[in-house]
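Student: Okay, structure incoming, though there's no sequence with it:
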């Protein structure tokens, strides 16, 4: 099988590198990239062939579209005339529905909507996939196998995809935002920046490992750290005073709503 990646930004290159790490040969991959300097960079770095959108569509059994939502209609118009019959199209674009994809592709084209996140760079992505109307179990298995090269994959009904975008798609940015704040707090409290950075990185990593390995609810783990009348409960009270939990809920609602807007 030849896999075509249309769009070689951060996520496109991340998927390309992940597929190569998973054992695919460069000859099994085709990349479509408009910018000549970027195309030359990818060809030199990964030894892959870089062609235009129409060529990828005509030569590949599976296409992965990693383009901005506002560019999706243009890209679909370019690949649709040359798309191989029966080729699977996987879309990674916030808000773009399978119905939208199917309307601009040849009738009966199997499509899958997917939303990974940037930890794909270290093979720790969380990806949700949703099948379109013409997508068979075999097509879905192909999409899942491809995306498992960069992390975990979960199948969900498409109605949840905007929420997925808000939670796991944008989620790494929330963690980085909190990490930034903790580092700055360490510096404010007198720690050298390199010390504060290392302490916060390990704390975040350790907490994430506790969550994934113990499978305990975060409330249980939080309570294990929160002694009555202690330092942690004093800090958590301030979070509650500033309605941090409510701010997170509102922020993720805003991200979900923006995903819906992009799709419209």
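Tutor: Everything's here; your move. Values in this document were obtained by computation on a predicted structure and should not be read as measured data.

Student: where do the strands sit along this protein?
Tutor: 3-6, 29-32, 49-51, 62-65, 88-91, 111-115, 125-131, 151-155 (DSSP state E).

Student: right, so of those, which gets closest to residue 221?
Tutor: strand 125-131 (19.4 Å; C-beta to C-beta). (Each C-beta comes from the backbone N, C-alpha and C, glycine too.)

Student: Now do the contacts for residue 93.
Tutor: 65, 66, 67, 68, 69, 72, 262 (C-beta atoms under 8 Å, 6 or more residues apart in numbering).

Student: hmm, back to that, would you turn the strands of the chain into JSON lines with distance to residue 23?
Tutor: Below are these laid out as JSON lines (distance: least, C-beta to C-beta, whole Å):
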{"stretch": "strand 3-6", "distance to residue 23": "13"}
{"stretch": "strand 29-32", "distance to residue 23": "12"}
{"stretch": "strand 49-51", "distance to residue 23": "18"}
{"stretch": "strand 62-65", "distance to residue 23": "16"}
{"stretch": "strand 88-91", "distance to residue 23": "19"}
{"stretch": "strand 111-115", "distance to residue 23": "21"}
{"stretch": "strand 125-131", "distance to residue 23": "17"}
{"stretch": "strand 151-155", "distance to residue 23": "16"}
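
Student: which stretch among those strands comes nearest residue 172?
Tutor: The nearest among the strands of the chain, by C-beta to C-beta, is strand 125-131 at 9.3 Å.

Student: how about the strands of the chain in JSON lines, adding mean neighbour count and mean pLDDT?
Tutor: What follows is the strands of the chain, written out as JSON lines (neighbours: other C-beta atoms under 10 Å; pLDDT from 0 to 100):
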{"stretch": "strand 3-6", "mean neighbour count": "26", "mean pLDDT": "96"}
{"stretch": "strand 29-32", "mean neighbour count": "23", "mean pLDDT": "95"}
{"stretch": "strand 49-51", "mean neighbour count": "18", "mean pLDDT": "93"}
{"stretch": "strand 62-65", "mean neighbour count": "25", "mean pLDDT": "97"}
{"stretch": "strand 88-91", "mean neighbour count": "27", "mean pLDDT": "98"}
{"stretch": "strand 111-115", "mean neighbour count": "26", "mean pLDDT": "97"}
{"stretch": "strand 125-131", "mean neighbour count": "23", "mean pLDDT": "97"}
{"stretch": "strand 151-155", "mean neighbour count": "16", "mean pLDDT": "97"}
